[in-house]
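J.: here is a sequence with its predicted model. Questions after.
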Amino acid sequence: MNGPGGSPAPAMATETLAEQTVFLNGDFMPLSEARIPVLDRGFIFGDGVYEVVPVYGRKPFRWAQHHARLVRSLGELRIDNPRDAAGWRELVDALIARHPWDDQFVYMQVTRGVAKRDHGFPKGIVPTVFAMTSPLAPVPAAQLQNGVDAVSLPDQRWLRCDIKSVSLLGNVLARQAALDAGAVECIMFRDGELTEGSSSNIWVVQHGKVLAPPRDSRILEGIRYGLLQELCESEGIPFEVTAIPRDAVRHADELMLSSATKEVLAITRLDGEPVGSGKPGPVFTRLHAAYQRAKAAARA
Ligand code: PMP
């Protein structure tokens, strides 16, 4: 495939990706035609935010919460919100409608916009808005059955992890360190306390109780954070928000991760050692079943 001027275009993960329709600054177009200026501050500084929304049966799941988080992230970075609530929903629905998959995950990104390179906020620029969608594959059966491996790592990210910023270098390096170790995800610690994974929240089960790290600026509050809390309540599973020391993770009965695309997944090996029984545990099994019921209800 050749790009403009006959030079090779950057490789796509799959050819079909290039045929997807994406949204950029007001227009729908094939992904292969979407272009942004190199002075976009998302490119230059990572100055932007994003959201990832799972879609089941063509309906965005927990849309209100994802929209609220996007608005909050924009506000924290003082980027003007380029669309009102109805406008965001319209964009997402239009993108979903243009693709053949019932289950998708929609990615939305807003950067501060294009300006001469200077760290300070430029005046009077228009935010860049980009959105795309991809088919949402079911979580692999082997991962559900056996759980996944994780490694523990120091959390080397900045101190505003509560903002869903596109500046993800710390997360990228952490994920790669996990992959290099043959694991699927990492579990990060700051000052001896559990924070989260590279792209997931982490949950500890101790004596039948689910422990969650505090929702502060050291973690991104996943939309599944609130959802799992609700599911624990409806299932009668004790739930506590508390600082979680390394030892509690090391000696957990069960560990779990949650994210938009992985839903809730058991971590059954940490740093090469089995977690609890080394198999997905009873709390995971109940929460996973409850999660599937919540999805089914949202589809209906
Ligand atoms: N933490 C981080 C750093 C993440 O990237 C994600 C995935 N967006 C999460 C937690 C989980 O968030 P959610 O449940 O909204 O996918």
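T.: Yes, it's here.

J.: quick check, pLDDT for the residue of the chain found nearest the ligand.
T.: Per C-beta to the nearest ligand atom, Gly222 is where the chain lies closest to the ligand, at 2.7 Å. Backbone N, C-alpha and C define where each C-beta goes, glycine included. Confidence at Gly222, expressed as pLDDT, is 98.

J.: count of neighbours near it?
T.: 23 (other C-beta atoms under 10 Å).

J.: what residues does this protein have near the ligand?
T.: Proximity of the chain to the ligand (C-beta under 6 Å from any ligand atom) is limited to residues 52, 171, 196, 199-201, 220, 222-224, 258-260.

J.: again, 5 Å this time
T.: Residues of the chain lying close to the ligand (C-beta under 5 Å from any ligand atom) are 196, 199, 201, 220, 222-224, 259-260.

J.: among the residues you listed, who's most crowded?
T.: Going by other C-beta under 10 Å, Glu196 tops these with 29 neighbours.

J.: helix, strand or coil for the closest residue to that residue other than its chain neighbours?
T.: With C-beta to C-beta, 6 or more residues apart in numbering as the criterion, Glu196 has its nearest non-adjacent residue at 4.5 Å, and that residue is Ile219. Assigned with DSSP: H, G, I helix; E, B strand; the rest coil, Ile219 falls in the coil class.

J.: keeping just the C-alphas, turn stretch 101-115 into PDB.
T.: What follows is stretch 101-115, C-alpha atoms only, in PDB (Å, rounded to 0.1, in the frame of the first residue of the first chain):
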ATOM      1  CA  TRP A 101     -20.900  -5.400  14.400                       C
ATOM      2  CA  ASP A 102     -23.500  -5.700  17.200                       C
ATOM      3  CA  ASP A 103     -20.700  -5.500  19.800                       C
ATOM      4  CA  GLN A 104     -18.100  -2.800  19.400                       C
ATOM      5  CA  PHE A 105     -15.900  -0.600  21.400                       C
ATOM      6  CA  VAL A 106     -15.900   3.100  20.500                       C
ATOM      7  CA  TYR A 107     -12.800   5.200  21.000                       C
ATOM      8  CA  MET A 108     -13.200   9.000  21.300                       C
ATOM      9  CA  GLN A 109     -10.300  11.500  21.600                       C
ATOM     10  CA  VAL A 110     -10.200  15.200  22.000                       C
ATOM     11  CA  THR A 111      -6.900  17.200  21.900                       C
ATOM     12  CA  ARG A 112      -6.400  20.800  22.700                       C
ATOM     13  CA  GLY A 113      -6.000  21.500  18.900                       C
ATOM     14  CA  VAL A 114      -3.400  22.700  16.500                       C
ATOM     15  CA  ALA A 115      -1.000  25.600  17.300                       C
END
